[in-house]
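Colleague: need a 3D model of the following:
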Amino acid sequence: MLAEIITIGDEILIGQIVDTNSAWMAKQLNQVGIKVKQVTSVSDDASHIIEALDAARKRANIILMTGGLGPTKDDITKLTLAKYFNMGFRRDEETLKQVTSFFDTRKRPMIELNRAQADVPDGCQVIQNKNGTAPCMWFEHRGTIFVSMPGVPFEMKYLMEEEILPRLKNLFHLPFIYHKTILTANIGESFLAQEIEEIEDSLPAYIKLAYLPKLGQVRLRLSASGNNEAELKTEVDHYAQQLVEKVKPFVVAEQDIPLEQALLQLMEQNGLTFSTAESCTGGYIAHLITQIPGSSKSFEGGAVTYSYDLKQIILGVQSQTLSDFGAVSEETVKEMALGANQRFKTDYAVAVSGIAGPDGGMPGKPVGTVWIAVAHKDQVVAKLFTFGERRIQNIERSAAAALNMLFTQVKQQLTK
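Modeller: Below you'll find the model as predicted:
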């Protein structure tokens, strides 16, 4: 079965909001054996929506739409769908009860615009939205399923998990899809491909290998689909193990997790703690770490020390060091890491100091110059990185390099 996702709304096309719905929906569909053929974003324009529906039904059996179901005049999805399927409207009593209850519970007045949320194309099947007022509408037309859902993420997710996916699984005999992901670091994509070329060439046609590079990391994803779940898993896992053995020094995790989660797992498994000392990254490293549930088991916290004064007061960096070498230097970043380790009483600390840009560069230290250090007990190692001229990318690259360097140092210490 093939699906297409259509997100509706001008706010997506002008960049006012980021379309996270499509990525989430695609992942859920893939897990139940439905392949996504295409993702399309369209404006709040009836002709544009109709063109997208006509094109989508030529490619897919299932078309899932989000957005444009609110009570205001700019939300035209419901009207457009009624026109597309040549349907009139009916007031759905169950939906009206749901909308009324929604407003009564919140002790808010309800006007006719709110009641009109219960008006639906008379040929659709209504699926109640227990988290909002806009109903979900299911259409079956000439062998294609069309589902229109609200664009609010928590409403859409509830409907997908509790209603849409179970119905699709009951309607169709779906194949089993299995993915196995290996996270690698410290090796470029082309060098990695060269190392595993022989294994890749030996893969059967129904097992595909994808390279997914990101900021000094490459994920290797093996994907396969079929009807025999046990046999498929066994075979994919067999090839995955071959890949792991071939590039073992560069393997960070044998599952689809971010680098920061792999680091936290390594720390927790070995009863270790760590802290951060950030300058140019402005707390971004700590942000990545604390997004992971359970991060507090290993991560004690950190400091953002932009100024010379705070580097001295919080981390104990010597004023002479800053005077002689500057904030962006091997000497300073080493003292930052050692200071964090000692003052925060952790097993490890990682420190970052650099020039994120767009200005601040100087002779010998252009924008993108970043020093990173990792301290363990009284030992500290530092490394110079030279990134580009774009501030956000420099911050992201610095954070990824810091996490990778800390992971590598911990792993090396544990294997001594």
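Colleague: separation between the closest residue to Asp45 other than its chain neighbours and Lys83?
Modeller: Leaving aside its chain neighbours, Asp45 sits nearest to Ile76 (7.9 Å; criterion: Cβ to Cβ, 6 or more residues apart in numbering). C-beta here means a position set from N, CA and C on the backbone, and glycine is covered the same way. To Lys83, Ile76 is 10 Å away according to Cβ to Cβ, to the nearest Å.
Colleague: intersection of neighbour lists for those two?
Modeller: Counting by Cβ atoms under 8 Å, 6 or more residues apart in numbering, the residues touching both Ile76 and Lys83 are Ala46.
Colleague: the more surrounded of these two?
Modeller: Set Ile76 next to Lys83 and count neighbours by other Cβ atoms under 10 Å: Ile76 wins out with 18 against 14.
Colleague: that one is in contact with Ala46, isn't it?
Modeller: Yes - using Cβ atoms under 8 Å, Ile76 is in contact with Ala46, at 5.9 Å.
Colleague: and the contacts of the helix or strand hosting Leu263?
Modeller: Element membership of Leu263, judged by DSSP states H and E, is helix 259-269. For helix 259-269, contacts defined as Cβ under 8 Å, 6+ apart pick out 183, 185, 217, 252-253, 257, 272-274, 288-289, 291-292, 294-295, 297-299, 348, 400, 403-404, 406-407, 410-411, 414.
Colleague: just the strands in the stretch 301-416 of the chain please.
Modeller: 348-354, 369-376, 379-386 (DSSP state E, counting those that start in this stretch).
Colleague: which of the ones you listed is buried the deepest?
Modeller: strand 348-354 (a mean of 29; mean count of other Cβ atoms under 10 Å).
Colleague: now the angle from it to strand 369-376?
Modeller: Inter-element angle recorded for strand 348-354 and strand 369-376: 170 degrees (by axes from the mean of the first three to the mean of the last three Cα atoms, to 10 degrees).
Colleague: how about the helices of the stretch 101-250 of the chain, start to end?
Modeller: 112-115, 153-159, 165-171, 189-195, 197-201, 229-246 (DSSP state H, counting those that start in this stretch).
Colleague: next structured bit after the longest one?
Modeller: Okay, so that is helix 229-246. With DSSP H and E, the next secondary element past helix 229-246 is strand 251-253.
Colleague: show me what that next one is in contact with.
Modeller: Ile182, Leu183, Thr184, Ala185, Gln217, Val244, Leu259, Gln261, Ala262, Gln265, Asn404, Phe407.
Colleague: list the neighbouring strands of it plus their orientation.
Modeller: With DSSP bridges as the test, strand 251-253 is paired with strand 176-185 (antiparallel).
Colleague: now the angle between helix 259-269 and the longest helix along the chain, please.
Modeller: The single longest helix within the chain, with elements called by DSSP state H, is helix 391-414. Helix 391-414 runs at 30 degrees relative to helix 259-269, counting by the same axes, to 10 degrees.
Colleague: list buried residues within the contacts of helix 259-269.
Modeller: Applying 16 or more other Cβ atoms under 10 Å to those, the neighbour count classes 183, 185, 217, 252-253, 257, 272-274, 288-289, 292, 295, 298-299, 348, 400, 403-404, 406-407, 410 as buried.
Colleague: show me what the next helix or strand after the helix holding Leu263 is packed against.
Modeller: Going down the chain from helix 259-269, the next helix or strand is strand 274-278, by DSSP H and E. Contacts defined by 3 or more Cβ pairs under 8 Å, 6 or more residues apart in numbering; DSSP states H and E place strand 274-278 against helix 284-290, strand 299-304, helix 330-343, strand 348-354.
Colleague: need the winner for burial among these.
Modeller: Of all those, as judged by average neighbours under mean count of other Cβ under 10 Å, the leader is strand 348-354 with a mean of 29.
Colleague: just the mean pLDDT for that strand, thanks.
Modeller: If you average the pLDDT over strand 348-354, you get 98.
Colleague: for it, C-alpha coordinates in CSV please.
Modeller: What follows is strand 348-354, C-alpha atoms only, in CSV (Å, rounded to 0.1, in the frame of the first residue of the first chain):
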residue,chain,number,x,y,z
TYR,A,348,34.1,14.0,32.9
ALA,A,349,33.6,17.6,31.6
VAL,A,350,33.5,18.9,28.0
ALA,A,351,34.3,22.6,27.2
VAL,A,352,33.8,24.6,24.1
SER,A,353,35.1,28.0,23.2
GLY,A,354,35.0,29.5,19.7
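Colleague: given that strand, what are its sheet partners and their directions?
Modeller: Here, using DSSP bridges, strand 348-354 pairs with strand 274-278 (parallel), strand 369-376 (antiparallel).
Colleague: what angle separates that strand from helix 330-343?
Modeller: Using the same axes, to 10 degrees: strand 348-354 against helix 330-343 is 150 degrees.
Colleague: contacting residues for the residue located most distally from the centre of the chain?
Modeller: Residue distances from the centre of the chain (Cα atoms, centre = their mean) peak at Gln320, which lies 42.9 Å from the mean C-alpha position. Applying Cβ under 8 Å, 6+ apart, we find Gln320 in contact with no residue.
Colleague: rerun that using 10 Å as the cut-off
Modeller: Glu331 (Cβ atoms under 10 Å, 6 or more residues apart in numbering).
Colleague: ok, Met1 touching Ile177?
Modeller: No - counting by Cβ atoms under 10 Å, Met1 does not reach Ile177; the two are 11.1 Å apart.
Colleague: in stretch 216-236, what's buried?
Modeller: For stretch 216-236, using 16+ other Cβ under 10 Å, the buried residues are 216-226, 232, 235-236.
Colleague: for it, the distance to its chain's centre please.
Modeller: Distance of stretch 216-236 from the chain centroid (Cα atoms, centre = their mean, to the nearest Å) equals 20 Å.
Colleague: kindly report the same for stretch 373-391.
Modeller: 26 Å.
Colleague: next: stretch 205-215.
Modeller: Averaged C-alpha coordinates place stretch 205-215 at 17 Å from its chain's average position (Cα atoms, centre = their mean).
Colleague: what is the mean pLDDT for that stretch?
Modeller: On average, stretch 205-215 scores 94.
Colleague: do stretch 375-394 as well
Modeller: pLDDT averaged over stretch 375-394 gives 96.
Colleague: now do the end-to-end distance for that stretch.
Modeller: 22 Å (Cα to Cα, to the nearest Å).
Colleague: including distance to Gln31, could the helices and strands packed on strand 274-278 go into TSV?
Modeller: Converted to TSV, the helices and strands packed on strand 274-278 look like this (distance: least, Cβ to Cβ, whole Å):
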stretch	distance to Gln31
helix 284-290	25
strand 299-304	30
helix 330-343	41
strand 348-354	35
